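> Coordinates only, no sequence provided:
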């Protein structure tokens, strides 16, 4: 089973950019779709973005245009580049993996999860 570790979170001011990383171990990510989720205090977990094994990327409506997901299979890592951050983006961000060959666009159930990384946007 794949193990995932997120990094790159922190405390940032509104308007800045931040890149999160999701590093995998235990197996290669080539056959996996990877999703990014976030959970803010008192709110349900929501899907931010995902990238299928063929590299196709999908975003929730509120993130498209500000967030970019990418994968580097050689490094066994998936990234989430976030720009124009605002306080509503404050949350714990999780990456998750599922071994599927089809599009991850409508997939919400993932098998392996990281421990999360905190992103706080505040002035």
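That came in fine, so what should we check first? These numbers were taken from a predicted model, which means no experiment stands behind them.

> quick one, what contacts the residue sitting nearest the centre point of the chain?
Geometric centre of the chain, nearest residue: residue 36, 2.5 Å, by C-alpha atoms, centre = their mean. Contacts for residue 36 (C-beta atoms under 8 Å, 6 or more residues apart in numbering) come out as 20, 22, 47-50, 69, 78, 80, 93-96. C-beta here means a position set from N, CA and C on the backbone, and glycine is covered the same way.

> tell me, how many neighbours does residue 113 end up with?
For residue 113, the neighbour count with other C-beta atoms under 10 Å is 16.

> Equivalent analysis for the one 3 residues further on, please.
Residue 116 sits with 18 neighbouring residues when counted by other C-beta under 10 Å.

> and the nearest residue to it once chain neighbours are set aside, helix, strand or coil?
Sequence neighbours aside, residue 92 is the residue nearest to residue 116 in space, at 4.2 Å (criterion: C-beta to C-beta, 6 or more residues apart in numbering). Put simply, residue 92 is strand when judged by DSSP: H, G, I helix; E, B strand; the rest coil.

> list the contacts for residue 92?
9, 38-40, 116-119.
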